[in-house]
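Participant: Okay, sequence plus prediction incoming.
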Amino acid sequence: MGKILVTGVSGQLGTEIKKLSVSYKGDFLFADRAALDITDGDKVKQFLGRHPVEAVINSAAYTAVDKAESEPEMAKQVNCKAVEMLAGVCVSHNLKLVHLSTDYVFDGKNHRPYKENDPAAPVNVYGKTKWEGEEAIRSINPGNSVIIRTSWLYSSQGNNFVKTMLRLGAEKEEVRVIDDQVGTPTYAGDLAAAVLDILPGLNHKNVKTYHYTNEGVCTWFDFAKAIMEYEGLPCKVTPVPSSEYPTPAQRPSYSVLSKQTFKKDFKMTIPHWRDSLKKCLREIDSKL
Ligand SMILES: NC(=O)C1=CN([C@@H]2O[C@H](COP(=O)(O)OP(=O)(O)OC[C@H]3O[C@@H](n4cnc5c(N)ncnc54)[C@H](OP(=O)(O)O)[C@@H]3O)[C@@H](O)[C@H]2O)C=CC1
Ligand SMILES: Cc1cn([C@H]2C[C@H](O)[C@@H](COP(=O)(O)OP(=O)(O)O[C@H]3O[C@@H](C)C(=O)[C@@H](O)[C@H]3O)O2)c(=O)[nH]c1=O
């Protein structure tokens, strides 16, 4: 396919897409925030005028969940207003758009994995702005475009739960981790491969929404325990209820996403979170 623009390329997903892109056909154009601030509509239009592309993978986002509670306008600019503008540009230039969203669009009251059409009811500012971004795309409706919701993303670089646990595990004898929030960790490398695999074949009129996470289900406590165990860190992991680990943003207590539609439409097998965690830890260790 023709040229593909990847925004937010310094982030977790953007970095993994860049790494994997060498094995995929197509010409890639990678832009970090300094090269392309997606909140600057005029710059985005000028940029696309200078660099004609066929598709945009929007991996730029405001992802600081707690900070978003005190910076709602900033989160809205990146996660909603800029996304609305990008979708408009994609319609006018006839470009495919792959946009990422989150399990945090749901309120967490389900007792079975969330399907794509389950009602959204975000419980924090980040989730609300991501939901508004999704809705903007659906109403503008660029052709051949998808919104992929994922959850609990981590990779060998950037800020994420795995890196935080490795740091705390090396510094402390005990770490207290919430055991009443259930979801699925997702390795950004797996998500990047999924995005690159599906992009060329996207061919449908209305925007489609998919869920993609690793396989399996766990709590943050289970996840932390696995990180310490696989890394051989002697740090004790103590389970605590959310009430004992207060944070500015509320998080959904259950946010497992059903991947049935993704697996059916793209005939893909998805790695289990434990296998992908081991893979990522090997990568982190190899960099030390
Ligand atoms: N992280 C997670 O746990 C999850 C993420 N998602 C979604 O997946 C997608 C990718 O997330 P992830 O890779 O983890 O995010 P990161 O926070 O790792 O990366 C986001 C990138 O976006 C860039 N960015 C922020 N604002 C702008 C802007 N105005 N213009 C251009 N770039 C900007 C950041 O730049 P800079 O480096 O300069 O800050 C950063 O490089 C996002 O849509 C996110 O909402 C969904 C579920 C879970
Ligand atoms: C560091 C730490 C966190 N926690 C809890 C707090 C929180 O409930 C949970 C995860 O904390 P974090 O702040 O690392 O993760 P958080 O920012 O909530 O991660 C979210 O990011 C956004 C971008 C998404 O889209 C979500 O899918 C999800 O990945 O773990 C502990 O219980 N103990 C600890 O020592």
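Facilitator: It's in. Note that the structure is predicted; figures quoted are calculated from it, not measured. Numbering: from 1, shown residues only. Ligands and ions are numbered 1, 2, ... in the order given.
Participant: When you work out contacts or count neighbours from here on, use the C-alpha atoms and nothing else.
Facilitator: OK.
Participant: Run a quick neighbour tally on Y104.
Facilitator: Neighbours of Y104 under the rule other Cα atoms under 10 Å: 29.
Participant: longest strand of this protein?
Facilitator: Longest strand of the chain, by residue count under DSSP state E: strand 96-102.
Participant: which residues sit against it?
Facilitator: Contact partners of strand 96-102, identified using Cα atoms under 8 Å, 6 or more residues apart in numbering, comprise 54-59, 87, 90, 127, 130-131, 134, 142-151, 195, 199.
Participant: Which of those residues fall in helices?
Facilitator: Here DSSP state H is the test, and the contacts of strand 96-102 give 87, 90, 127, 130-131, 134, 195 as lying in helices.
Participant: Save the residues you listed as TSV, and put in distance to ligand 1 and neighbour count too.
Facilitator: Listed next are the ones in helices among the contacts of strand 96-102 as TSV, based on distance: Cα to the nearest ligand atom, whole Å; neighbours: other Cα atoms under 10 Å:
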residue	distance to ligand 1	neighbour count
A87	14	27
C90	16	24
G127	9	28
K130	7	28
W131	10	22
E134	10	26
V195	11	20
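Participant: Buried residues of the longest strand of the chain, list them for me.
Facilitator: Neighbour counts over strand 96-102 (16 or more other Cα atoms under 10 Å) mark 96-102 as buried.
Participant: ok, is that strand in contact with ligand 1 or not?
Facilitator: Yes: Strand 96-102 is in contact with ligand 1 by Cα under 6 Å from any ligand atom, via 100-102.
Participant: Tabulate these in TSV, adding columns for pLDDT.
Facilitator: Rendered in TSV, the data for those read as follows (pLDDT from 0 to 100):
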residue	pLDDT
L100	98
S101	98
T102	98
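Participant: Can you sort out which of those residues also neighbour ligand 2?
Facilitator: T102.
Participant: circling back to that earlier point, which one of the buried residues of strand 96-102 is nearest K163?
Facilitator: T102 (20.0 Å; Cα to Cα).
Participant: nearest residue to the closest one other than its sequence neighbours?
Facilitator: R149 (4.7 Å; Cα to Cα, 6 or more residues apart in numbering).
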